Every structure is written in C-alpha cells, then in structure tokens.
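S.K.: Okay, predicted coordinates and the sequence, questions at the end:
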Amino acid sequence: STSPDGAHALVTLLEDQGIDVVVAEDVDGVAAAARPDTLILIAQTFFLLDTDGLDRLAGLPGDRLLVAPAARTREQLAPAIRLDGSVRFGGQPGCDLREAVTSGDVQFGISDSYRSDADLPVTRCYDGALVRFTESGRTTTVVGSSDFMTNAGLLGQGSAALAMNLAGTHDRVIWFAPQR
C-alpha cells in the first residue's frame, strides 16, 4: 500500500537493489514461493489465527523475519522467544549483529522487547526490540515494531537502513502481510 502505514516504499527500495520481492496473498502463495534460499517476511500477524496455516508456515524452508508478531504467531514460528515487556525502540544497537551495527542509531518509538526462554543463544539488539537466533539451519529475526518499515516510518533516523538491512539479507523475499 502507498498509505503512510503501507510498505510500498520499502518494497520498491528492495527491488531497486535487485532483490526479487514476491508478495504473497495467503499461506498457499507463501508455500508456492518458498525455497531454502529465501527470506519469508511475515507482518500484520494479528490476522494469522489459523493453527493449520501457522503450522504450514513453520514447516516451510527459508529464513524468517517476523515483524511485530502477535503472541500466537511468535509462539508458533519462534517458540523459544518470549515477550519481555516493551522498550523505547531506538538508540544504539548494543549488539554485534551486522544489520543493526551498520544501521547505527535508530529512533522509531515504542516496541515489544523479547528474550530467549531456553538455552538457545539469541542476539538481542536495541534492548531486545530486535532478536535473532539460528536453529536447525534457519535464521529467525523477530522485531517488535513495524513502524520503521512503513512508508512514513522510513524517514526516521536509521529506519530505512535497518529496514533494508533486515529485509534485504537474501536475493529473494516473500512478503506476507495478510489483510484478513
């Protein structure tokens, strides 16, 4: 969408960098496009209520970027990650994750914060507003806010850099933001 809350600008920036962005309308579309060398970006997860759909997404090949996931989505697609409150998402990354370090100082509001509840090593950036872990060969990134990725939010300090760095890690991105 080209509205301020949409992500048309980020999709265009990714495509301008040579990244193949596949917009999936439903879980079937994600499944048809999924490959091991793909990043599956999942946003607007409050519309993902179907257990079968979440099970299908969990079984697909490729890395994951979960953007402001609802509890049910996070529990299914990143089961070792727990909500750890909320933080003012911004400032220096405070971690060694390349995508965050190269983005530098980012200012974009309130975000959920996350932590690991298991022995799984997790990289925490921006006081837990961004976490990443690798398990069974799959890298999953969870970020607690979607604002920095929106058309209006990309204008914030460091926001476009972080959005591009997170969504642009693969040559192919499946963008799944269910509308209902």
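M.R.: Everything's here; your move.

S.K.: Check what pLDDT the residue of the chain positioned farthest from its centre gets.
M.R.: Distance from the centre of the chain peaks at Asp119, with 22.2 Å (CA atoms, centre = their mean). Listed pLDDT for Asp119 reads 81.

S.K.: In which helix or strand does it reside?
M.R.: Asp119 is part of no helix or strand when elements are defined by DSSP states H and E.

S.K.: Now do the same contact list for Arg74.
M.R.: Thr45, Leu66, Ile81, Leu83, Tyr114, Val142 (CB atoms under 8 Å, 6 or more residues apart in numbering). No exception for glycine: its C-beta is placed from N, CA and C like everyone else's.

S.K.: Flag whichever of those scores worst on pLDDT.
M.R.: Scanning those for pLDDT, the smallest score is found at Thr45, 71.

S.K.: Tell me, how many residues neighbour that residue?
M.R.: By other CB atoms under 10 Å, 24 other residues sit near Thr45.

S.K.: Helix, strand or coil: sort out Asp112 for me.
M.R.: strand (DSSP: H, G, I helix; E, B strand; the rest coil).

S.K.: Quick check: it vs Ala71, distance?
M.R.: 10 Å (CB to CB, to the nearest Å).

S.K.: Thr51 too?
M.R.: Distance, Thr51 to Ala71, by CB to CB: 13 Å.

S.K.: now swap in Ala129 and tell me
M.R.: Taking CB to CB, one finds Ala129 at 16 Å from Ala71.

S.K.: do Gly109 as well
M.R.: From Gly109 to Ala71 the distance is 20 Å (CB to CB).

S.K.: re earlier: quick one, which of Ala129 and Ala71 is more surrounded?
M.R.: Comparing Ala129 with Ala71 by other CB under 10 Å, the one with more neighbours is Ala129, at 29 against 12.

S.K.: give me the low-pLDDT residue ranges for the protein?
M.R.: 1-6, 47-49, 89, 108, 150-153, 155, 180 (pLDDT under 70).

S.K.: ok, which stretches of it are strands?
M.R.: For the chain, the strands defined by DSSP state E cover 20-24, 39-42, 63-67, 81-91, 106-116, 123-125, 130-135, 138-143, 172-176.

S.K.: Out of these, indicate the one that is most buried.
M.R.: Sort the strands of the chain by mean neighbour count, taking mean count of other CB atoms under 10 Å, and strand 39-42 sits at the top with a mean of 25.

S.K.: Now do it: everything it contacts.
M.R.: Against strand 39-42 from outside (CB under 8 Å, 6+ apart): 30, 34, 48, 57, 60, 62-67, 69, 73, 77, 167, 169-170, 172-177.

S.K.: out of the contacts of Arg74, who's nearest Val101?
M.R.: Of all the contacts of Arg74, Val101 sits closest to Val142, with 18.0 Å by CB to CB.
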